[in-house]
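Q: My questions concern the predicted model and sequence given below.
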Amino acid sequence: MVLDSKFFDRCAEKVAYDLIGSRLNWRSGDKSYSRIITETEAYTGPDDLASHAAKGRTKRNEPMFGPPGIFYVYFVYGAHWMLNIVTGPVEFPAAVLIRGIAGIQGPGRVTKALSINGNLNRKLVTKKTGVWFSKPSGPMKHKVSRSSRVGIAYAGPIGSMRPYRFTLDLK
DNA sequence: ACGATGATGAAC
DNA sequence: TTCATCATCGTA
């Protein structure tokens, strides 16, 4: 089943957890591709010191304040595009970063593999857009691990501590 | 372990 | 307009 705005209209932490084991789908030309999501991170609101939203509303983070189910794509380190999906509720700045899918580890590598760039920013997550998420309707049998987030030392010891990184546990 | 690389946000 | 910083990655 394709994940719609309703799925993303929940807190980022839950969405990030549920996305593990779900599928990231994309279209390239006339072909479609699909891979299991293996790593995500939640950025949970204005009080989350690791989040861009901790600085308030800016031109860059504007999409985070938008409706759940739109993409937040931004450029870092002069080299890499980061793929995020905004979570609910509307006007509450939160999002989930896609850090890895099967066979591709690292947020910059994911966007590179999918040829994702700023063009996707603010777009709604639908099949029509060309990048979407899906999940089997039955129960999934996998284990999810939690840990602290990567590359956010600027958030300080307290902000960095939150276990908002989710990974698929290979048994 | 470290430099590349350019947009971003805050300061001046 | 300048400056430090950055939700990273490839190379060493």
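A: Ah, there it is.

Q: Ramachandran angles for the most far-flung residue of chain A relative to its centre?
A: Most distant from the centre of chain A: residue A:30, at 25.0 Å, with distances by C-alpha atoms, centre = their mean. Taking degrees, to the nearest 10, you get phi -100, psi 10 for the backbone angles of residue A:30.

Q: That one and residue A:113: what is the separation?
A: 18 Å (C-beta to C-beta, to the nearest Å). Where C-beta positions appear, they are placed from N, C-alpha and C, glycine not excepted.

Q: Same check on residue A:31?
A: Taken as C-beta to C-beta, the span from residue A:31 to residue A:113 is 14 Å.

Q: These two: which is more packed in?
A: Comparing residue A:31 with residue A:113 by other C-beta atoms under 10 Å, the one with more neighbours is residue A:113, at 15 against 7.

Q: pLDDT on the longest strand along chain A, on average?
A: Looking across chain A with DSSP state E, the single longest strand is strand A:31-43. Averaging pLDDT along strand A:31-43 yields 98.

Q: Just the buried positions in the following helix or strand past it, please.
A: Next helix or strand after strand A:31-43 toward the C-terminus (DSSP states H and E): strand A:71-76. For strand A:71-76, the buried set under the neighbour-count rule, 16 or more other C-beta atoms under 10 Å, comprises A:71-74.

Q: Show me the subset of those that also lies near DNA strand C.
A: With C-beta under 7 Å from any atom of the strand as the criterion, these include residue A:72 near DNA strand C.

Q: wait, which of the buried residues of strand A:71-76 is closest to DNA strand C?
A: Nearest to DNA strand C among the buried residues of strand A:71-76, counting by C-beta to the nearest atom of the strand, is residue A:72 at 6.8 Å.
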